[in-house]
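[1] with the sequence up front, the predicted model follows.
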Amino acid sequence: MTKVRDGRQAFPQRPGSRDRAPDGTTALVVGGGLAGIAAACVLAERGVSVTVVEREDSLGGRLRTWSETLPDGSSLRMERGFHAFFRQYYNLRELLRRVDPDLNRLVRLRDYPVLAPGGAIQSFEDLPTRPPWNIVSLVRRAETFRYRDLLKVNGLAALDMLRFDPERTYERHDGATAREYLDSLRFPPAARRMMFDVFSHSFFNPEEEMSAADLLMMFHFYFMANPEGLVFDVLDDEFEASLWTPLRTHLEGLGVRFLLGTEVTSIRRPSDDRWAVEFSEAGRPLREDEDADLVVLAVTVPGLQRIAAASPDLGTAEWRRKVEDLSLTLPFAVWRLWLDRPVDSDRQPFVGTAGYAYLDNISVYERFEAESRRWADSVGGSVVELHAYAVPENVGESELRTRLLEGLHDLYPETRDARVLHEVFRVDRDCPAFPPGGHARRPGVELPAEGVALAGDFVRLPFPTALMERATASGFLAANHLLAPWDVRAEPIWSVPLRGPLARRR
């Protein structure tokens with residue numbers, strides 16, 4: 001029976017009769033992001049001797065940080081963009097409790113409004129958390145939506161947001177695009193931009209290339225079935241200080257070893273009960289390899305595809321086709337600006353934007369991050385970050401910068417005359433795509449190879465989840481799967497309710 005607590009559900013796990021794996025059990029976790037660290041925590045806490053192998057020279061994956069030296073000599077940490085810690089990220093929060101039991105480092109934002117040209121604003125502050133009252137309240141306060149617009153809305157299509165089902169929704173909607181579904185709602189264009197387009201862009205996938213079923217799952221996970229409300233938390237300092245150093249210290253206390261700056265090139269099965277992993281450093285093969293009882297592959301899509309192509313012992317032909325079918329979505333841009341003057345005092349720490357070319361959100365880092373606040377106080381400035389998701393491939397850096405800056409200046413006019421003391425502009429392309437028809441072909445945690453499991457934010461999971469929470473939950477599930485043959489106690493897995501309030505029960 002599924003356990004329910006405070007509106008959240010426990011995903012069924014076997015209880016397990018043992019607290020620890022057999023003495024001498026070893027594991028190699030490939031990848032030092034959230035998925036790999038989550039798996040390493042569970043394995044090490046159950047007595048497994050774990051080695052984490054990470055290609056970069058530091059932990060974090062897409063949450064990795066590095067040092068930036070400003071012209072004034074300040075050394076500040078930088079990461080690949082703002083991240084929101086929603087309160088229904090139950091598994092991520094359990095990982096954080098390993099190093100912050102009371103979650104004191106998470107700071108709740110009061111609101112994250114959506115801003116549009118002409119002063120339009122959509123607030124999410126103090127919305128009810130239960131459907132349909134959250135929907136009614138959102139529509140009532142929407143400046144871009146009037147009650148007469150309800151007569152034009154496709155009510156039957158809109159009801160699909162309330163009847164999400166892990167099987168039926170994908171059977172019915174996975175072949176369509178998110179854009180086709182949103183078009184079918186017949187929302188007024190301005191209301192659609194404020195209420196839906198901003199939301200769909202947050203998953204890095206363009207609407208015309210994203211599965212409608214995955215979009216409906218996201219609606220379910222973040223809004224329709226989320227008992228915590230839409231306002232989220234942020235970490236109170238840069239990620240190295242608040243997340244990665246504490247987690248590494250915790251794991252080292254459990255005996256975990258780290259091989260940083262080391263890439264796994266292939267995996268082979270030299271015996272019936274062991275896996276051998278081959279490495280390279282800086283592109284040069286290493287003579288040494290390591291063997292282990294268990295392997296967790298917690299890498300990016302391209303990393304997994306490279307390893308699978310070089311590892312004939314890893315999985316079946318069908319599984320390999322699933323890996324080959326995985327793809328990346330369009331690039332995303334992050335532009336952080338250290339300004340010589342502050343933004344206005346009433347600016348929110350984070351806002352979404354609608355109706356601006358490429359600009360998707362604005363963050364003011366000194367409003368929540370201690371390191372940025374110290375720098376801003378010392379110079380009387382601000383640390384502002386701009387994001388652009390799913391950037392078309394034909395858009396050059398010059399045009400992208402121009403449009404992002406136009407949006408910032410329009411929404412925050414006080415930044416027009418600010419001098420940029422330092423900046424970091426980068427475009428990355430390593431986020432997974434969720435294309436129409438891709439759900440059934442997406443690999444899950446379990447491999448058709450004994451002793452190996454998959455983890456990451458692209459892995460298909462049996463419950464609604466996304467982004468950082470999907471990565472963490474998949475890491476927990478990967479460890480549980482690998483420990484199951486020894487009947488070792490599983491890590492609890494929590495989720496929002498599996499089905500929408502109007503879904504038919506099976």
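    Thanks, I have the structure now.

[2] tell me the pLDDT at residue 223?
    Predicted confidence (pLDDT) for residue 223: 87.

[3] is it in contact with residue 137, as I believe?
    No - Residue 223 sits out of contact with residue 137 when judged by C-beta atoms under 8 Å, with a separation of 11.6 Å. All C-beta spots, glycine's among them, are computed from the backbone N, C-alpha and C.

[4] longest helix in this protein, please.
    The single longest helix within the chain, with elements called by DSSP state H, is helix 467-483.

[5] just checking, next helix/strand downstream of that helix?
    Using DSSP states H and E, the helix or strand that follows helix 467-483 in sequence is strand 493-495.

[6] quick one: residue 431 and residue 31, what's the gap?
    15 Å (C-beta to C-beta, to the nearest Å).

[7] same question for residue 237.
    For residue 237, the distance to residue 31 (C-beta to C-beta) stands at 24 Å.

[8] so between these two, which is more surrounded?
    Each of residue 237 and residue 31 has its neighbours counted (other C-beta atoms under 10 Å); residue 31 has more, 29 against 19.

[9] pLDDT score for the more buried one?
    98.

[10] hmm, it is touching residue 301, no?
    No - with contact defined as C-beta under 8 Å, residue 31 does not reach residue 301; the gap is 11.8 Å.

[11] now the common contact residues for the two.
    Common contacts of residue 31 and residue 301 (C-beta atoms under 8 Å, 6 or more residues apart in numbering): residue 456.

[12] residue ranges of the helices in the stretch 1-150 of the chain, please?
    Secondary structure of the stretch 1-150 of the chain (DSSP state H, counting those that start in this stretch): helices at 34-45, 90-97, 133-141.

[13] tell me which of those helices lies nearest to residue 330.
    helix 34-45 (22.2 Å; C-beta to C-beta).

[14] pull that closest one out as CSV, backbone CA atoms only.
    What follows is helix 34-45, C-alpha atoms only, in CSV (Å, rounded to 0.1, in the frame of the first residue of the first chain):
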residue,chain,number,x,y,z
LEU,A,34,23.5,15.2,-8.2
ALA,A,35,22.6,11.7,-9.6
GLY,A,36,26.0,10.2,-8.9
ILE,A,37,26.3,11.8,-5.5
ALA,A,38,22.8,10.6,-4.5
ALA,A,39,23.7,7.0,-5.5
ALA,A,40,27.1,7.2,-3.8
CYS,A,41,25.4,8.4,-0.5
VAL,A,42,23.0,5.4,-0.4
LEU,A,43,25.6,2.9,-1.4
ALA,A,44,28.2,4.1,1.1
GLU,A,45,25.7,4.4,3.9
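
[15] name the residues that touch that helix?
    By C-beta under 8 Å, 6+ apart, helix 34-45 touches 21, 27, 29-30, 50, 52, 54, 59, 61, 63, 91-92, 95, 98, 247, 250-251, 254-256, 294, 296, 298, 453, 455-457, 468, 471-476, 478-480, 482-483, 491.

[16] and that helix with helix 90-97, angle?
    Put simply, helix 34-45 runs at 60 degrees to helix 90-97, going by axes from the mean of the first three to the mean of the last three C-alpha atoms, to 10 degrees.

[17] so what's the gap between helix 34-45 and the chain middle?
    17 Å (C-alpha atoms, centre = their mean, to the nearest Å).

[18] thinking again about what came up before, weed out the non-buried ones from the contacts of helix 34-45.
    21, 27, 29-30, 50, 52, 54, 59, 61, 63, 91-92, 95, 98, 247, 250-251, 254, 256, 294, 296, 298, 453, 455-457, 468, 471-476, 478-480, 482-483, 491 (16 or more other C-beta atoms under 10 Å).

[19] model confidence score at residue 132, please.
    pLDDT, read off for residue 132, is 66.

[20] for residue 2, that is, sorry about that
    pLDDT for residue 2: 58.

[21] where are the low-confidence patches of the protein?
    Applying pLDDT under 70 to the chain flags residues 1-6, 131-132, 142-147, 149-151, 287-288, 505-506.

[22] how's it carved up into domains?
    4-61+240-326+436-495, 119-224, 330-428 (automatic domain parsing).

[23] distance to residue 71 for those domains - can I get that in CSV?
    Below are those laid out as CSV (distance: least, C-beta to C-beta, whole Å):
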stretch, distance to residue 71
domain 4-61+240-326+436-495, 22
domain 119-224, 32
domain 330-428, 6
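
[24] out of the ones you listed, which gets nearest to residue 502?
    domain 119-224 (4.1 Å).

[25] can you give me how far the closest one is from the chain middle?
    Taking mean C-alpha positions (C-alpha atoms, centre = their mean), domain 119-224 and its chain are 20 Å apart.

[26] try stretch 379-394
    Centre to centre, stretch against its chain (C-alpha atoms, centre = their mean), the figure for stretch 379-394 is 18 Å.

[27] pull out the buried positions in that stretch.
    379, 381-391.

[28] helices of the stretch 151-300 of the chain, start to end?
    Going by DSSP H, counting those that start in this stretch, the stretch 151-300 of the chain shows helices at 155-159, 168-173, 178-185, 189-192, 198-201, 212-219, 239, 245-253.

[29] and residue 460, how many neighbours?
    So residue 460, with other C-beta under 10 Å, has 17 neighbours.

[30] and for residue 136?
    Count around residue 136 with other C-beta under 10 Å applied: 12.

[31] would you mind writing the CA trace of stretch 252-264 as CSV?
    In CSV, the C-alpha atoms belonging to stretch 252-264 read as follows (Å, rounded to 0.1, in the frame of the first residue of the first chain):
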residue,chain,number,x,y,z
GLU,A,252,34.7,11.0,2.6
GLY,A,253,33.7,10.4,6.2
LEU,A,254,31.9,7.2,4.9
GLY,A,255,35.1,6.1,3.1
VAL,A,256,34.2,7.3,-0.4
ARG,A,257,37.2,7.9,-2.7
PHE,A,258,37.1,10.5,-5.5
LEU,A,259,38.9,10.4,-8.9
LEU,A,260,38.5,13.9,-10.3
GLY,A,261,39.7,14.9,-13.8
THR,A,262,39.2,11.3,-14.9
GLU,A,263,37.0,10.1,-17.6
VAL,A,264,35.5,6.6,-18.0
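
[32] can you point out the buried residues in it?
    254, 256, 258-259, 262-264.

[33] roughly how far out does that stretch sit from the chain middle?
    Counting by C-alpha atoms, centre = their mean, stretch 252-264 is centred 23 Å from the centre of its parent chain.

[34] which outside residues touch that stretch?
    For stretch 252-264, using C-beta under 8 Å, 6+ apart, the contacting residues are 28, 30, 32, 40-41, 44-45, 49-59, 248, 251, 277-282, 286, 299, 307.
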